[in-house]
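Undergrad: Just to be clear, the model below is a prediction. Sequence and coordinates:
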Amino acid sequence: MVDKLSNATLAKHFAKLKLTLLKNSFRRSVWYAIALIVGFLYTLSSVVIAIVAAIWGASVNPILTGQWLVLLGAVAILGWWIVPLVAFGVDATVDPHRFTLFPLSIRQLMLGIGTAGAIGVPGVATALTLLGAAFAWWRHPGVLLVAIIGALGAFALCIIGSRALTTWLAPKLEGRRTREIMSLLLVIPLMLLSPIMSVIGNAFGTGTGENQATTIFDNIFRIAGWTPFGAPWQMALSAYQGDWLTVLSRFLILSATVLAAWALWEHALKKVLEHPKEQASSTTAAKGLGLFAHAKTPAGAVAARAGTYWLRDPRYSMSILVVLLLPLIFVAPTLLTPELDYSDAAFMRYFPLVIGPLVGWMLGFSISNDIGFDYTAFALHLSTGVSGRADRLGRIMPVLAVGLPVSLLLAIGSVWYAGRWAWLPAVLGVTIGAILLALGVSAVSSARFVYPVAKPGESPFKQPQGAMGAQMISQLAAMGISMALALPLVALALWAIVSGTLWGGWLTLVAGIAFGAFVLDRGIRMGARAFEQRGPELLAKVHNFL
Amino acid sequence: MSFDPFAAPGATAAPEPGASPTPDATTAPGTPAAVSQTSTGNVGNLGNSVLYHANFPIAEREIQLPPDPNAALSLRNLWKRFGDKIAVADVNLDVPAGSFYGLVGPNGAGKTTTLSMATGLLRPDHGVATVLGHDVWANPVAAKRLLGVLPDGVRLFDRLTGQQLITYTGLLRGMDQNTVAARTNDLLQVMDLQADKDKFVVDYSAGMTKKVALACALIHAPRVLVLDEPFEAVDPVSAANIRDILHKYVADGGTVIISSHVMDLVQRTCSHVAIMANGRVIAAGPVDVVRQGQDLETRFVELVGGRRTAEGLSWLTN
């Protein structure tokens, strides 16, 4: 009755499943389909550029190209291994849990999952790039053969390694809290990319010139070549150099790693299938009422809830992290480049002055889609009949209570860094104005427009579909309005600073407070009215998020 | 595009009872003919059986009775359409004050949509909903004060602990801090959540989540409780406790409206029942009148239709 599946049929079934899923994703919405097509074209062009660069580079300088291939190839494999770990929830189509009930042996399941993993867009793009890059050595058939073997090995390492790691680590990362922290930690390297780059750039650029840079590059490359990630590429380069002993050693490293990854995968998969999803044991708790102990009115309650979410929900905490890291990004380049001529140095010292207003504006604007963040939990506000004013005020209060002091401190810090205390009133005026204006605009926009964001509990990196559609335009408009409103203040401050008019600075301060408070007040009134008129429509929109 | 459900029936002469012009006039072109036939049959069947205070005979539909100000919940000519699908088509219902009212119907019958429109969560395309005489859509603040709602299919603010969530709801209702604290404590006790009050709601089981949501619906001591699927996933002991609370609440003059798939539970628990199918109320009244001597499940299947014999899967047992 139930026939035993042949391996080829099985692989075909999984491939078909993956392709059907891909095809169906086109049907979800027009915007999503457009995004997918743009993504395909982008990927395709990257593949072509990478291959052309490799082949052209090898014809100009084979050794250097070979070294770069080792480095970039190693990064590619590392990416395959690491990205699925942190970007949880990104692709669950090949989640082994979904196949526990089918009568498949471990090996069959591995074959199927591996096939499905290789067939997606990233899989095909990687396979094409790896094989294409091997043709950098087309002038030397022997080397080409080694390169192709290396590329195939590298591809196997990508697929098997990533599956092995995710299957092995997934149960350990299953706790909600763990996953959330992991995804937050990913922000830090991303945010620090620019300072890190400038450090590396400095290391290359300064010192004793090109020699030192070459040494660093050589060292990195040499180490990479020994790792399993660089080994497949080192094979081809060494073959070109005629160093067959190295080719053999790297081939052994490569095959050993592939086999080890395979064994780890088999072992982990067996364990996962024998112990289906474990209940998250690391449930966290909070004692008592927390911020709610201080809430007495509906507005206070909303403020307590919003404040609690800023601390507990990774989607909010991420913006705190970004705000904390922002100053570093602005200041780091100036700290790391000490020898600059005078005009550059002045610019670098004054540049951080934008931090205060920028952070204030970002924090104020961060709640411009707050009901989208609530998702359907917003129904509670609707069924309790909370007033629009209380809802608006409550969402604004925590941002104001924490964001205002923080951005003011940053503003003061930047003035200190610039060494121009006379500019303090002007900078403070723009900072206060920026946060109040942005909050005022947010109060209106969050009651009028919602657009999909990552749902509560999802990875903060997940950009849901439709987020790029028409709703974004209203959001962009709100952004533009809040910036346009700030423009007069910025102009006033610049005039005061450039002309050195002392009272101009104080005028900016007064104007910032007065104008900001006016816009905030108007925003709360307009937002409250919109909230009360369109509450059910907002809930209906949120309900339709996919 | 504008949607006037009354254009077609209003234009025709008053049809004979049971002829039901509305399904043909308003059903989307894609709807299978079988569906409207079934519902026509049912309505005809109803014409001479259970027509309690709700759901007038078709011929009388144009006589629009005003909402009953004494009813806990009074729905008049409620319509809701999502795209091509008419989810709720001309629902009329009066829930007497002091009743324990069950709303039953197959999946997709429009129960949740109806309850959402009755509680101010979803704006009807047409029609009126009143709570003890207060219009939900014209005067939402007064109506919502009287209502306690447990919606289905919405999330909670689940990054709060159970205690925080109940407190939050009480404060949103504008209650003073001390009352909220005392009632939160009582509710945690009664719902058997005292031990888990400091856990985040996101980590609660499905049954615990229902219970905490129910506690939120109760905190302001509403006059009318609208509970969408309140017993789903709740363990039998907690369900019995909750039923006791609700019965006592009804005995003291409150009104409870629940939706459910479980006929047995409705028959045992409720004093009144309304059966919905295809966006319409096809029977409503006291449970004993609606079930006509049969048990409710049999009567329900008879009214709604859709039963088939198991002969289709002959290979299942060989």
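TA: Thanks, I have it.
Undergrad: roughly how far apart are A:M362 and A:L436?
TA: 14 Å (C-beta to C-beta, to the nearest Å). Yep, even glycine has a C-beta here, placed from its N, CA and C like the rest.
Undergrad: Those two: which is more packed in?
TA: When neighbours are counted by other C-beta atoms under 10 Å in any protein chain shown, A:M362 and A:L436 differ, and A:L436 comes out ahead with 28 against 18.
Undergrad: Which helix or strand contains that one?
TA: helix A:424-448 (DSSP states H and E).
Undergrad: List the buried residues for the helix or strand following that helix?
TA: Tracing the chain C-terminally past helix A:424-448 and defining elements by DSSP H and E, one meets helix A:470-499 next. Neighbour counts over helix A:470-499 (16 or more other C-beta atoms under 10 Å in any protein chain shown) mark A:471, A:474-475, A:478-479, A:481-483, A:485-486, A:489-490, A:492-493, A:496-497 as buried.
Undergrad: where does the stretch 201-350 of chain A have low pLDDT?
TA: Counting by pLDDT under 70, the low-confidence segments of the stretch 201-350 of chain A come to A:201-217, A:276-286, A:330-348.
Undergrad: In it, what residue lies closest to chain B?
TA: Ranked by C-beta to the nearest C-beta, the top residue of the stretch 201-350 of chain A for proximity to chain B is A:A301, at 3.4 Å.
Undergrad: check which helix or strand covers that residue.
TA: Applying DSSP H and E as the criterion places A:A301 in helix A:298-312.
Undergrad: How about the residues of the stretch 351-500 of chain A by chain B?
TA: A:374-377, A:379-386, A:390, A:456-457 (C-beta under 8 Å from any C-beta of the partner chain).
Undergrad: pLDDT weak spots in the stretch 1-150 of chain A?
TA: For the stretch 1-150 of chain A, the stretches with pLDDT under 70 are A:1-5, A:25, A:28-29, A:31-32, A:85-95.
Undergrad: Would you map the helices across chain B?
TA: In chain B, the helices defined using DSSP state H lie at B:7-11, B:21-26, B:33-47, B:111-118, B:140-146, B:162-172, B:177-190, B:206-218, B:236-251, B:263-269, B:287-291, B:296-304.
Undergrad: ok so, going back, centre of the chain versus the helix holding A:L436, how much separation?
TA: 26 Å (C-alpha atoms, centre = their mean, to the nearest Å).
Undergrad: And that helix, what does it pack against?
TA: Applying 3 or more C-beta pairs under 8 Å, 6 or more residues apart in numbering or on different chains; DSSP states H and E, we find helix A:424-448 packed against helix A:355-365, helix A:370-374, helix A:388-398, helix A:404-418, helix A:470-499, helix A:502-543.
Undergrad: what do you get if the cut-off is 6 Å, keeping everything else the same?
TA: In this structure, helix A:424-448 makes packing contacts with helix A:355-365, helix A:404-418, helix A:470-499, helix A:502-543, judged by 3 or more C-beta pairs under 6 Å, 6 or more residues apart in numbering or on different chains; DSSP states H and E.
Undergrad: For chain A, what lies in contact range of chain B?
TA: A:283, A:285-287, A:292, A:295-296, A:298, A:301, A:305, A:309, A:312-313, A:375-377, A:379, A:382-386, A:536 (C-beta under 6 Å from any C-beta of the partner chain).
Undergrad: Name only those of these that count as buried.
TA: Neighbour-count burial (16+ other C-beta under 10 Å) is assigned, among the residues of chain A next to chain B, to A:286, A:292, A:295, A:298, A:301, A:305, A:309, A:312-313, A:375-377, A:379, A:382-386, A:536.
Undergrad: From the buried residues of helix A:470-499, pick the one nearest chain B.
TA: Nearest to chain B among those, with distances taken as C-beta to the nearest C-beta, is A:Q471, at 18.3 Å.
Undergrad: What pLDDT is listed against that closest one?
TA: Note for A:Q471: predicted pLDDT of 62.
Undergrad: Over to A:L382?
TA: Confidence at A:L382, expressed as pLDDT, is 93.
Undergrad: Can you tell me the SS state at it?
TA: Classification of A:L382 by DSSP: H, G, I helix; E, B strand; the rest coil places it in helix.
Undergrad: For it, which non-adjacent residue is closest in space?
TA: The shortest distance from A:L382 to any non-neighbouring residue, by C-beta to C-beta, 6 or more residues apart in numbering or on different chains, is to A:G535 (5.0 Å).
Undergrad: how many neighbours does the one you found have?
TA: 25.
Undergrad: Then A:R392?
TA: The local packing of A:R392 (other C-beta under 10 Å) involves 31 other residues.
Undergrad: ok, back up a step: which one among the residues of the stretch 351-500 of chain A next to chain B gets closest to B:Y101?
TA: A:S383 (18.5 Å; C-beta to C-beta).
Undergrad: so what's the residue nearest to that closest one when sequence neighbours are not counted scoring on pLDDT?
TA: Among residues not flanking A:S383 along the chain, B:V149 sits closest, at 4.3 Å (C-beta to C-beta, 6+ apart). In this prediction, B:V149 carries a pLDDT score of 94.
Undergrad: residues touching B:V149, list them.
TA: Contact partners of B:V149, counting by C-beta atoms under 6 Å, 6 or more residues apart in numbering or on different chains, are A:383, B:119, B:217, B:226.
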